[in-house]
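K.L.:
I would like the atomic coordinates for the input below:
(chains A, B and C)
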Amino acid sequence: MTDTQFDVVVIGGGSTGTAVARDCAMRGLRTLLLERDDIASATVGTCAGMISSGLKYSDEPDIMAMCSKEVVHFSHIARHIISKNPIIAPLLDLSDAASDSSYVDSYSAHAEERAVPSMLFLTPEASREIEPMLHPDVIASVYYEEFFIDPFRLCMLQALDAIKHGAKIRTYCEVIDFAINHNKELEGVVFYNRVSGCTEKVRTKFVINATGPWAHKVASAAGEKLDIRLNKGAHVILDRRVVNVGVTVKAIDGRWVYLFPHENTTLLGTTALDTWEDPDSLVASFDEIEYLLQSIETVLPSIREARIIRTMEGVRPLVPEWKKPEGMVTRGYQVIDHGANDGTKGLISFTGGKLVMCRHMAETVTDIVCKKLGKTATCTTHERPLPGNEVDIDIVGLSREYGIALHALERMRARRGADMMKVLELTREHPEWKTTVCTCEPVIEAEVRYTIREEYPQTLNDLRRRLRLGTGPCQGTSCTYKAAAILCEELNLGGDDFLVDILDFRAERWKGIRQSLRGEQLAQDELTQGMYACVGNLDQSDVDYDVKPWEEGC
Amino acid sequence: MNLKADLLVIGGGMAGLVAGTVASESGLTTLLLRKGQSATANSSGAIDVIGYVPDVLEPFSSPEEGLLAIVALYPLHPYAIVGYGDDVTSEETSAAIIGRVREAIMWLKEHLGGTIASVTGEFDTNMHLITIIGTTKPTCLAQMTMCPGDLEDREDSVLLFAGITGCSEFNPSAAAKTYIEDRMALDGPPHKVGHCMFQVTPFGKSFNISSIEIARHLDREGSIEALAEQLKVQVKRIGATHVALPPVLGIRNAIANKSKLEKLIGATVFELLGFPPSVPGLRLQQALEGVFIKAGGKMLVGHEAISHVRTKQRVAAVIARGPLREIRVDAKAIILATGKYIGGGIAGDEKGLRETVFDIMTVTDDYHSSRDIVPSRSTNRLSINPTGQPIQACGVGIDSQFRPVREDGLEWAENLFAAGAVLAGYNYSVEKSGLGVALTSGYSAAKNAIDFLREVKQVE
Amino acid sequence: MNEDEAYEYVKNTLRKEKITPFRPDEIEIVKSVSSCINCGLCTNHCPVVAAVGVDRFSGPRSIAVELSRSPPEYWSAADKVYLCTECGTCREVCPKNVDIPEIVNMIRARIFEHRPDLVPKAFMSVREIIAEHSLAFEPWANREEKEESRDMRLEHLGLPHVPDRTEENADVLFFPGCQAEERAQEVREAAKVILDFFDVDFTLLNEFSCCSLPSHLMGDEVTARALAEKLKQKIKRLGVKKVVTTCAGCTSNLANLAERDGWGIPVYHMLEFLAEEIGYKAISRALRKARTFEAVHVSVHDPCHLIRYTSRQIMDYASEILAVIPGVKVTTSEAHDSCCGGGGMVSYHSDDVANAVVQENLIALAATGAERLVTPCPLCTAQLENSLFKNGSPIEVEDLTVFIARRLPKE
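P.N.:
Now for the predicted structure:
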């Protein structure tokens, strides 16, 4: 490795970490981002992707104002990965509306700048026209609009933009130690490269600890004590869109839960339970799944007839406020400059924060670092568009030109915007790469190969994040072995690696499927077992399989 | 229009079609209802009897070896049930089981002879077939097009994995790497393996080609010759003695195509075992249907059994629903061969499992009620593992006559029998026993139904 | 905004997002499609995939597991979804009976509403005819000319003319379908001959209107539902106890409408009516009384809308009836239940696909050695007749209702 000196090292490749890397790189800092697994593989990978106006934070008006502004920024810089989320909150009881009426006003205060209406009331007939599955006893509903952003693409594009501006992004690199001199100043970072098996060192004076639920562990490796409150939340994912608009409702404990149609699935979330377990081992629990289903059932009685394809569980790194339920903890974020408090100089950590404010968090911290380094560059991350945003795409024209199905192109556009042209270029020389690999999305072979060559995935799961490979109803049953073969070809891996890649991806998918296994997923699993065990005989394979954190204690 | 039959078979996979054929051949008027195809049509087309017991990594070298182990370890396994007939003493159990399974296998071989799914193989040994991902699995009978011949016996054998450009279902380089690493670990032939791609363009395009298109194309005149032209070059390049193809050699003419190709390229050609929906699975399904019809059986497709009418002891009739019509089928005996979750014979939600036609009690593999189990709790944390997923071993429990039983252990109805994946007590994905159990249980259930009806007639 | 303005605003937003809310009867279809486990059996049996390949028509599997998942993206299914002939083979082989044909119609309906520019142009001309005449075929301008054509056909086929009748509270409403009403009039005439022969108390519609299937297939749900409502009113006014039709598509479509819109009466195809209400004995007796025809060697084509939308048993009835007709020899074609390619309105815009689909039928038919093909659906008849002619085949095609009627004794 030739480059070993950096102005700043960012630890953590989630929404915050990639945003910091982007801002630092764009302001000319020599930036390195180290991520233990893959970009967006932790907290941000388990959220719904809603960039909230701050509706729930009605008692923090400054935060609401900031969130609203950030939504506006995103709609400029990332319009190709944003979609609108129309929502109704059906009311069975007028008291549902009365108790939280303050939110109507606070939401409406910033509605205009986001080009959404202030909250509207709909009659029960209108509500049922829009959503026929609603409970017959619904007496009215409240309508409002939020936005979704694709969290994986956001992180990937922030990382890509950082690379474009000279940053280095290293995945599968786990920070294990810090070099700190006797003046308590940071001098470097030591990390373990999980792919090569080697330990590496880089020199830097500034480290941004954006590791979310591991912030306290990383701080501890630098000799710092960091307080944090970890809180887990589950989502249940239903196949395809089963509702026409988003539906929100109060759960048994008064929290608001939601059912959102999102791209080609429907998301049901979320729960909030404080946790002290290893985040890597967490899976959704039966109770969490029931909690969500029971809540939505009060307004959508037939929801259990929809097909649950899997669950996901993530951990929120909350600001450490105690003696409050999760819903009352501040939504704002904390920047902890350890050096300013007589701790390790150069180490700056985050706690708290939400997806919508990641750019703002990055700006705050990059301002601090620039000031300390004496750099005068100002932040432009809210103005300069993320890659792929550049031009409008004519899908019908492209379909004719390249002989690829309209829907395959439309999904490609949704995933990578204008960059899809680079994928299509590959098919000129390799027309056979127009072949579909993942039938559910769909994803064609050209995009799989392009992604492997340009976006540094190591595993099928990394490919899943970039391509949505294996996220459909079959959860990768049909595409796992096909994609594994391509990955092994591109990365020149051996036969055993091919089988391990398949087993690893099946394990990762099973992590989410198992917890909510019921209904048609039973048939899906019979088919998966039939393929990979009965025919493929992978259950009897003696390849070197690493037991995963959530698989321990069988 | 309502129908009548001596025997009603519900379900049209291996179990149902075999049961129906046996019954029809014995002179019973047999009606088979089928609502959709399922696991049999999706299978690789090879007939597994028994490859493993759970948690033991060594495959059985023969079905007999496996059956003996099964009887010893899993006395309630569907294979073991065969040994509990009224006329079988406990000393004779193993022999009875082996005898019955052998009989069923011979029966199937004979009946599939001359069809598009003609099979080869012997009851006395398991053969090891190669899959499209380069792994191997043990099986008892394979379609004629699937035999690797002397590949693993000749020291000088050289295997060429040949894939088709634009058909993503088979990647020959991945399969070749996997296979050779396996062979090297076992230090057995072949010691040299290669891979190549060739072109088959049924519609003039070299991308997005499905296996079924290729198979249909290869059924046509001249297509094998065109294929041979390309393969010859590759065979010569590496000195291949054997060529492994994805399972696409044809639907009607696969066996003839294999011979023709072998003559043209001078190497043994065989089909690999494929993932669903494989062409050999389609051949098997079609062949079995043909056998049933030839035996005089009647099939009513597109009909689902939804309810029944019963007397105290027996099922008198079954109500079946077609797309827009409902009919009543009166039958003297019924065989339930509705499959498991894929076939829809067993269904479940978060509250428990149920059998979908008669609401017979469902049980786990150790015969505890699964009416109230939470499916996710009957699973293994590891997805693909040698013990399997316990949920896949659930189904209905049966008595020694292959009749589903109630909570008290007595038969649910005198004249209702069950066969195939709807049965509890075995995990076909781990054991590699799916089609073998379907065959044996279908065969046995039919024999028992025939005996039952004969007794009933005598009484009357 | 008041509540009505709010509703308009929301509808407008949904329209911009290309969301048409699922109607209550559509939710069942969405649930059915959710059962797909991506096994691919459907694609192995799809006649369109067999005819043109999975690159041209990605197949029922892609419709279930990919193209139907996100309504705002339905417009991008426009290059595939119109190629489905809606034969239902996929649904029949599917372990879960996923309702592909109906999800295809739902997708087409949303393309029709949000991206009419992507709807095949040929549909629009049919739409105009339906809008003007409530018929799927341009009607005869002149009543005399229509009757002249009818009489020519009657004479050629040796069928008597049973006058039309409309009366209230009859037992049976006979519904010929647009094709038999305006083009293949012999089918309508033959049905009346049969019903009259067996003394059935039947009526026709005063003013015939389309069963609405073509509008439904186009995605023109507004028109389809309007036509359905129109029919319901006519039927209620007539007060009949059942509907009998000679067209396969009308059979399944009217039966579905009867259930969805609460007509309270059943709908049968003529074959069902003959087998179940008249009975084989009566038919056999009648046919034996007629002067024997010269021997004819036939093969039978099973219309998809009968075997896969209604019940496979219906073509068993056809076999039983043919078996009691003296002089008739039947050889089953290997492709007897293979789609003729005439469905889904594919031939209107992609005749090459429809033509490719029917090739299998033609090859198998030639192998039977039969001289005539009989089938109980005017649309299959037209498609097969055209295709046989184009391929230079001497095999004739005859509607089964006509075939039976011609062999009844003349009183």
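K.L.:
For the rest of this, base every contact and every neighbour count on C-alpha atoms.
P.N.:
Will do.
K.L.:
Spell out which residues of chain B are next to chain C.
P.N.:
Neighbours of chain C within chain B, by CA under 8 Å from any CA of the partner chain: B:1, B:35-38, B:41-42, B:202-203, B:207-210, B:212-213, B:216, B:276-277, B:300-302, B:322-325, B:342-344.
K.L.:
let's see 6 Å
P.N.:
Residues of chain B lying near chain C by CA under 6 Å from any CA of the partner chain: B:Gly36, B:Gln37, B:Ser38, B:Asn208, B:Ile212, B:Pro277, B:Gly302, B:Gly322, B:Pro323, B:Leu324, B:Gly343.
K.L.:
Tell me the backbone dihedrals of the closest residue to B:Ile47 other than its chain neighbours, please.
P.N.:
In space, and not counting its chain neighbours, B:Ile47 is closest to B:Leu141: 4.9 Å by CA to CA, 6 or more residues apart in numbering or on different chains. Backbone torsions of B:Leu141, given as degrees, to the nearest 10, read phi -120, psi 140.
K.L.:
go on, the one 3 residues further on?
P.N.:
Backbone torsions of B:Met144, given as degrees, to the nearest 10, read phi -50, psi -30.
K.L.:
And the helices in the stretch 351-460 of chain B?
P.N.:
Remark: helices assigned in the stretch 351-460 of chain B by DSSP state H, counting those that start in this stretch are B:428-431, B:434-459.
K.L.:
related to what we said a few turns ago, can you count the residues close to the residue nearest to B:Ile47?
P.N.:
B:Leu141 has 26 neighbours, counted by other CA atoms under 10 Å in any protein chain shown.
K.L.:
is it true that it touches B:Asp124?
P.N.:
No. Look at B:Leu141 against B:Asp124 with CA atoms under 6 Å: they stay out of range, at 10.5 Å.
K.L.:
Sitting in helices, which of the residues of chain B next to chain C do you find?
P.N.:
In this view, the residues of chain B next to chain C that belong to helices under DSSP state H are B:Ile212.
K.L.:
ok, of the residues of chain B next to chain C, which one's closest to chain A?
P.N.:
Chain A has its nearest neighbour among the residues of chain B next to chain C in B:Asn208, at 4.4 Å by CA to the nearest CA.
K.L.:
Need phi/psi at the closest one.
P.N.:
Residue torsions, per degrees, to the nearest 10, at B:Asn208 are phi 50, psi 60.
K.L.:
From A:Lys354, how far out is A:Lys323?
P.N.:
Using CA to CA, to the nearest Å, A:Lys323 is found at 21 Å from A:Lys354.
K.L.:
Equivalent analysis for B:Ser62, please.
P.N.:
60 Å.
K.L.:
what do you get for A:Gly374?
P.N.:
A:Gly374 is 29 Å from A:Lys354, by CA to CA.
K.L.:
So those two - more neighbours on which side?
P.N.:
When neighbours are counted by other CA under 10 Å, A:Gly374 and A:Lys354 differ, and A:Lys354 comes out ahead with 21 against 9.
K.L.:
For the residue nearest to A:Lys345 when sequence neighbours are not counted, give its distance to chain B.
P.N.:
Among residues not flanking A:Lys345 along the chain, A:Gly339 sits closest, at 3.7 Å (CA to CA, 6+ apart). Distance from A:Gly339 to chain B, counting by CA to the nearest CA, to the nearest Å: 44 Å.
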